[in-house]
Structures are given as structure tokens and as C-alpha cells.
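In: give me a 3D structure for the following:
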Amino acid sequence: MHIAIAGNIGAGKTTLSELLAKHYKWTPHYEDVDQNPYLNDFYNDMQRWSFNLQVYFLNSRFKQIIDIRNSGKTIIQDRTIYEDAEIFAPNLHSMGLMSTRDFTNYKTLFDLMVSLIQPPDLLIYLRASIPTLVNQIQKRGREYENSIRLDYLQQLNERYNSWTSGYKMGKLLIIDVNDLDFTANPTDLSFIIDKIDAEIHGLF
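Out: Have a look, this model is predicted:
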């Protein structure tokens, strides 16, 4: 089974993936942030590095999905290949930070890849307000994230909400995390687990 967690920067995807992997004895697949050779450059000069970064993510997540389907295990994945193409790349294009030529090239590559893979059995979307995202980003203290602008986060949030409202590829569970602290509060984590249990039982 393939479970995936989607959400904006700072929504809590990695933390929740860790907690759910531990609870359910699932195998986690994380976003490869530390090994990404483009992230620092991208946040310093988005226009120059946007295409390179998005192709790197596309390649890395496509490989992840192939590995997930070949593993025979239940995997929980931190962020999906769809978010890159439905949220991040079009947002960069609309901001003038990725050329139309590069975006078209990128989208063609994505469409080809997606025709060869299956979507997750369950997609969990962590919905968060801008103050929640900013608080989380500041708490984890990644240096390259210091320059992320509020309007950039807001544009991503709008795209996330639009994408999930029309999501038809499989089961979708939306969790509003603004009033939840699933890291420190076991009751909040149990609340999420109960919701996931209800969705998973419907998969069989």
C-alpha cells in the first residue's frame, strides 16, 4: 500500500510521516532535502535555478515511486510527484521565475512519467495557515528557508487548496493542522490516526 503526505513548506509532513511510520510499522520515504544539490542556489536565485530544481525533484520522486511499487511493503511517502507539477512548477512559471519554454519541457516530462505510474492509495493533505507554516519554518531553522517570502507561501497555499479540491485520483484525507500539535500532544496524533484508520479500512 502507498500512503502519501502532501502539504506546503512547514506543514509538518516529515514529522507526521515519522510518527505514522512508527505507529503503523510502515516504511517511510522522505524528501531528500539534505542531499539536494540545488536547494541553496534556488533560494538565492530562483529564476536561475527553478528549472534545475524542479527536474531534480521530478527525477528523484519518479525513482521513489518505482521503488515503492517494487518494494511490496506499505510505504508512507513525504510529498508526492504531483505537488511538483501541480503546485511548485506552475507557481514558479506564473511568477516569471521559470520560462514558458522550460515549463512546457518540464510538464511534458511529468506527463510522460505520470502515465507510467499509479497514484497513492491514500493521499493525506495537511492544510495549514500562513502563520502556522511560518512558525514551523522558523522552529526548524533551515538557513536556506530564511529567505522564503510570505507571498510565495500564500501562492503555494492557494494552489494546494485548488489542487486538493479537484483531486480525483484516489482517496483523499484533508487534515487541518492549525490547531493540532501532533508532535507534543498524543491526543492530537490519536485524532489523526483515527481518521487514517477509517480511510484505510475503506481501501480493503
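
In: which residue ranges form the strands in this protein?
Out: Under the criterion DSSP state E, strands of the chain are mapped to 2-7, 27-29, 75-78, 122-127, 171-176.

In: can I get those in CSV with mean pLDDT, mean neighbour count and distance to residue 138?
Out: In short, each C-beta sits where N, CA and C put it, glycine included. Listed next are these as CSV, based on pLDDT from 0 to 100; neighbours: other Cβ atoms under 10 Å; distance: least, Cβ to Cβ, whole Å:
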stretch, mean pLDDT, mean neighbour count, distance to residue 138
strand 2-7, 95, 26, 17
strand 27-29, 93, 17, 24
strand 75-78, 94, 24, 20
strand 122-127, 96, 23, 18
strand 171-176, 96, 16, 21
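
In: with distance to residue 19 as extra columns, can I get the ones you listed in TSV?
Out: Formatted as TSV, the strands of the chain follow (distance: least, Cβ to Cβ, whole Å):
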stretch	distance to residue 19
strand 2-7	11
strand 27-29	10
strand 75-78	10
strand 122-127	12
strand 171-176	13
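
In: so which residue is dead centre in the protein?
Out: Closest to where the C-alpha atoms of the chain average out (Cα atoms, centre = their mean) is residue 79, at 2.7 Å.

In: and that one, backbone torsions?
Out: Dihedral pair for residue 79: phi 70, psi 150, per degrees, to the nearest 10.

In: look up the closest residue to it, ignoring the ones flanking it.
Out: residue 31 (4.9 Å; Cβ to Cβ, 6 or more residues apart in numbering).

In: surely that neighbour meets residue 81?
Out: No. When contacts are counted by Cβ atoms under 8 Å, residue 31 is not listed as touching residue 81 (11.2 Å).

In: of these two, who's got more company?
Out: A direct count of neighbours by other Cβ atoms under 10 Å for residue 31 and residue 81 places residue 81 higher, at 23 against 18.

In: for the protein, longest helix please?
Out: Criterion DSSP state H: the longest helix present in the chain is helix 46-71.
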